[in-house]
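Asks: Here is my input; please provide its structure:
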Amino acid sequence: MHSEIKKRKIYLMVLILLAICILLMISTTVWENRKYYLTSFLMAILMMVPFVWRFEHKKPNVRELVLLATMIALAVVGRAAFSWFPQCKPVCAIIILVGIALNPEAGFIAGAAAALISNFFFGQGPWTPWQMLGTGLVGFIGGLLFNKKKVKLFPLLLYGFFSVLLIYGLLLDTASLLMFPSEISWEALLAMYISGIVFNLVHAIATVLFLWLLKKAILSKLDRLQQKYELD
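Replies: Numbers count the residues shown, from 1 in each chain. This next block holds a predicted model:
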């Protein structure tokens, strides 16, 4: 039974990622990046599906939803608190820890929600859906790779660095080329990646630093709350 549920979860995630890719393709080609509010809203619905699907096999727990909402708020506040330092944000670090402590689906929706909500303060635009996808993937993959009971610091820091550099960074750099009228070519992509490497490195290093600072506090606190309220 557990194996069947796991297979269904994998199929569901593949379908959702495929739907997100189609949505982004429509947004950049058919809508020409003009309907980014609609795109962000539809993406938020898609990204909530895996989290809601978990309740098919258990009774919804209000405390679990409140805990997730609190971590999303923490990520939003963290981004706002460091608005004075471009690219140096704790958001990805917090989202990675959420994915590990709660579950990959929670990391997915927390990343998407944090990007969407914080952009109401920093500015919405055609980049918002891509930020939602990038941050969500960083949290989701982190939740898949690490066992919350056996999280070693060095592998976690390595993941934080390379996930931000290669998943979030490359995705947003690629999106930057798609968002504005230009000829898509390997040369243009290479130029975009090179121009963004400094910003991505700063973001990746900042994520490593915040993971180092926040790992013990967040994971231990969330673990205590899960045990206290019998959350799984």
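
Asks: distance between the longest helix anywhere in the chain and the chain's centre?
Replies: Across the chain, the longest stretch assigned as helix under DSSP state H is helix 186-228. On the basis of C-alpha atoms, centre = their mean, to the nearest Å, helix 186-228 sits 10 Å off its chain's mean C-alpha point.

Asks: tell me the mean pLDDT for that helix?
Replies: The pLDDT scores in helix 186-228 average 90.

Asks: elements contacting it?
Replies: helix 62-81, helix 91-101, helix 153-162, helix 169-179 (3 or more C-beta pairs under 8 Å, 6 or more residues apart in numbering; DSSP states H and E). Every C-beta, even on glycine, is put in place using the N, C-alpha and C of the backbone.

Asks: Let's have those helices in a markdown table, adding mean pLDDT, distance to His203 and mean neighbour count.
Replies: Shown next, in a markdown table, are the helices and strands packed on helix 186-228 (pLDDT from 0 to 100; distance: least, C-beta to C-beta, whole Å; neighbours: other C-beta atoms under 10 Å):
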| stretch | mean pLDDT | distance to His203 | mean neighbour count |
| --- | --- | --- | --- |
| helix 62-81 | 90 | 12 | 17 |
| helix 91-101 | 96 | 7 | 30 |
| helix 153-162 | 96 | 10 | 16 |
| helix 169-179 | 88 | 7 | 18 |
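
Asks: now for these, which one comes closest to Ile205?
Replies: Nearest to Ile205, of all these, is helix 153-162, at 7.2 Å by C-beta to C-beta.

Asks: and the closest one, C-alpha only, in CSV?
Replies: Provided in CSV are the C-alpha atoms of helix 153-162 (Å, rounded to 0.1, in the frame of the first residue of the first chain):
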residue,chain,number,x,y,z
LEU,A,153,25.5,19.9,8.0
PHE,A,154,28.1,19.7,5.2
PRO,A,155,25.8,17.9,2.7
LEU,A,156,23.1,20.3,3.5
LEU,A,157,25.3,23.3,2.9
LEU,A,158,26.5,21.8,-0.4
TYR,A,159,22.9,21.3,-1.5
GLY,A,160,22.0,24.8,-0.5
PHE,A,161,24.8,26.2,-2.5
PHE,A,162,24.3,24.2,-5.7
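
Asks: Show me the contact partners of that helix.
Replies: Outside helix 153-162, the residues that touch it by C-beta atoms under 8 Å, 6 or more residues apart in numbering are 92-93, 96, 142, 145-146, 204-205, 207-208, 211-212, 215.

Asks: how many neighbours does Ile184 have?
Replies: Using other C-beta atoms under 10 Å, Ile184 is surrounded by 10 other residues.

Asks: Equivalent analysis for Leu209, please.
Replies: 15.

Asks: go on, Phe180?
Replies: Residues near Phe180, counting by other C-beta under 10 Å, number 8.

Asks: how far away is Tyr11 from Phe120?
Replies: Counting by C-beta to C-beta, to the nearest Å, the gap from Tyr11 to Phe120 is 33 Å.

Asks: typo on my end, it should be Val208
Replies: Taking C-beta to C-beta, one finds Val208 at 28 Å from Phe120.

Asks: More neighbours: which of these two?
Replies: Between Val208 and Phe120, Val208 has the larger neighbour count (other C-beta under 10 Å), namely 19 against 10.

Asks: ok, the more buried one - contacts?
Replies: Contacts of Val208 (C-beta under 8 Å, 6+ apart): 157, 160-161.

Asks: Just put those residues in JSON lines and tack on distance to Met132.
Replies: Converted to JSON lines, the contacts of Val208 look like this (distance: C-beta to C-beta, whole Å):
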{"residue": "Leu157", "distance to Met132": "24"}
{"residue": "Gly160", "distance to Met132": "19"}
{"residue": "Phe161", "distance to Met132": "21"}
